[in-house]
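**Q** Sharing a sequence plus its predicted fold:
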Amino acid sequence: MDEDQPIKPANILNIVAINQGRRELTRGISKIRALNPAEVESLLKDGHYLVDARSSAAWGAGHVEGSLNVQMSSPEFEQRVGWVVPDDSPIILLTHKDDEAQSCLYDMGFIGLDQFVVGFLEGGLPAWMNSGRPVQTSPQLDVFTLNERMSSSGLRVLDAREQDEWDDGHIDGAVMMPYTRLAPQLGKPPRFDELDLEKDASIAVTCATGNRSSTAISLMLREGYTRLYNVTGGMEAWGNARLPMVDATGAACSLG
């Protein structure tokens with residue numbers, strides 16, 4: 001079964017091509033190209049992917065529809081971009097400050113992703129909004145409100161962490177699906193068919209700290225899910241609040 005197979009590294013086809021000498025690893029990072037909102041809008045219609053590298057809170061407060069939230073603050077930034085953007089797809093970056101786009105490009109060069117970046121949205125989200133173009137929001141939910149709403153309103157929980165993290169401790173009744181499985185991998189479609197959650201259900205998405213869950217939400221929004229909440233602070237906040245959780249055996253446990 002697929003779940004018994006090793007998970008492929010991010011951006012594997014590009015990495016293999018570099019290792020086999022069929023594609024060169026970038027020796028020097030060129031200056032990233034600035035794009036205006038009209039150019040970005042046109043490229044998005046042509047199938048380019050917009051990677052919003054801002055924080056999960058900033059992305060949740062307002063973002064371009066269809067953008068993928070992968071935080072540049074993560075030490076795994078380039079690998080995570082490789083996970084969620086289909087291999088060889090053209091990429092546009094959106095950052096909080098314009099000079100941060102160049103830093104993102106440099107980091108992406110370590111796994112050869114820089115060569116797929118066509119530019120960045122100059123002026124970031126404010127420039128997009130000032131041009132009169134719409135934005136989406138994605139609400140945040142603190143762990144105390146989540147705990148209350150799970151029992152009072154039937155709010156569902158999706159845990160976007162990996163299996164070992166889940167086994168160490170998770171919210172009882174949550175559904176587990178690593179965010180990497182919500183993106184296409186090596187020609188395989190996303191595994192939304194394995195996700196036992198209706199697209200119109202109210203779903204709180206959590207991870208360790210609230211970053212991967214925001215990435216998961218950005219993927220789910222592209223798939224048509226509509227009522228999603230990012231759990232602020234993730235399972236670290238849940239554990240620090242001493243809220244109930246269970247381990248792989250179903251026994252009560254605590255994190256840390």
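**A** Okay, I see it.

**Q** Apart from its neighbours in sequence, what residue is nearest residue 71?
**A** residue 211 (5.2 Å; Cβ to Cβ, 6 or more residues apart in numbering). To be clear about C-beta, it is placed using only N, CA and C from the backbone, and glycine gets the same treatment.

**Q** what's the one you found sitting at in phi/psi?
**A** When read as degrees, to the nearest 10, the backbone of residue 211 gives phi -90, psi -50.

**Q** Run through the residues that contact it.
**A** Counting by Cβ atoms under 8 Å, 6 or more residues apart in numbering, residue 211 makes contact with 56, 71, 73-74, 234.

**Q** Distance of it relative to residue 194?
**A** Going from residue 211 to residue 194 by Cβ to Cβ, to the nearest Å gives 23 Å.

**Q** likewise residue 127?
**A** With Cβ to Cβ as the criterion, residue 127 and residue 194 are 39 Å apart.

**Q** same deal with residue 82?
**A** From residue 82 to residue 194 the distance is 22 Å (Cβ to Cβ).

**Q** Of these two, give the one with the bigger neighbour count.
**A** Ranked by neighbour count (other Cβ atoms under 10 Å), residue 82 and residue 194 place residue 82 first, with 27 against 11.

**Q** helix/strand/coil for that one?
**A** helix (DSSP: H, G, I helix; E, B strand; the rest coil).

**Q** Now do it, the pLDDT please.
**A** Looking at residue 82, its pLDDT stands at 93.

**Q** Correct me if wrong: it contacts residue 111.
**A** Yes. The pair residue 82 and residue 111 passes the contact test of Cβ atoms under 8 Å, sitting 5.9 Å apart.

**Q** any weak-confidence spans in the chain?
**A** 1-29, 256 (pLDDT under 70).

**Q** Centroid-nearest residue for it?
**A** Nearest residue to the geometric centre of the chain (Cα atoms, centre = their mean): residue 215, 1.7 Å.

**Q** show me what contacts that residue?
**A** Applying Cβ under 8 Å, 6+ apart to residue 215 gives the contacts 68-71, 80, 84, 160, 179.

**Q** Could you list which of those belong to strands?
**A** Among the contacts of residue 215, DSSP state E puts 68-69 in strands.

**Q** nearest to residue 187, of the contacts of residue 215?
**A** Checking these against residue 187 by Cβ to Cβ gives residue 84 as the nearest, at 15.5 Å.

**Q** ok, that closest one - how many residues close by?
**A** 24.

**Q** shouldn't it be in contact with residue 181?
**A** No. Residue 84 is beyond contact range of residue 181, at 10.8 Å (criterion: Cβ under 8 Å).

**Q** The residue nearest to the centre of the chain sits in which helix or strand?
**A** helix 212-223 (DSSP states H and E).

**Q** In CSV, list the C-alpha atoms belonging to that helix.
**A** Extracted in CSV, the C-alpha atoms of helix 212-223 (Å, rounded to 0.1, in the frame of the first residue of the first chain):
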residue,chain,number,x,y,z
ARG,A,212,2.1,23.6,8.2
SER,A,213,-1.6,23.8,9.0
SER,A,214,-1.7,27.1,7.2
THR,A,215,0.0,25.5,4.2
ALA,A,216,-2.6,22.7,4.4
ILE,A,217,-5.4,25.2,4.4
SER,A,218,-4.0,27.0,1.4
LEU,A,219,-4.1,23.6,-0.5
MET,A,220,-7.6,22.8,0.8
LEU,A,221,-9.0,26.2,-0.4
ARG,A,222,-7.7,25.4,-3.9
GLU,A,223,-9.6,22.1,-3.7
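
**Q** tell me which residues of the very next helix or strand once past that helix are tucked away?
**A** Downstream of helix 212-223, the first helix or strand assigned by DSSP H and E is strand 227-231. Buried positions in strand 227-231, judged by neighbour count with 16 or more other Cβ atoms under 10 Å: 228-231.

**Q** for residue 129, phi and psi?
**A** Note on residue 129: backbone dihedrals following degrees, to the nearest 10 are phi -70, psi -40.
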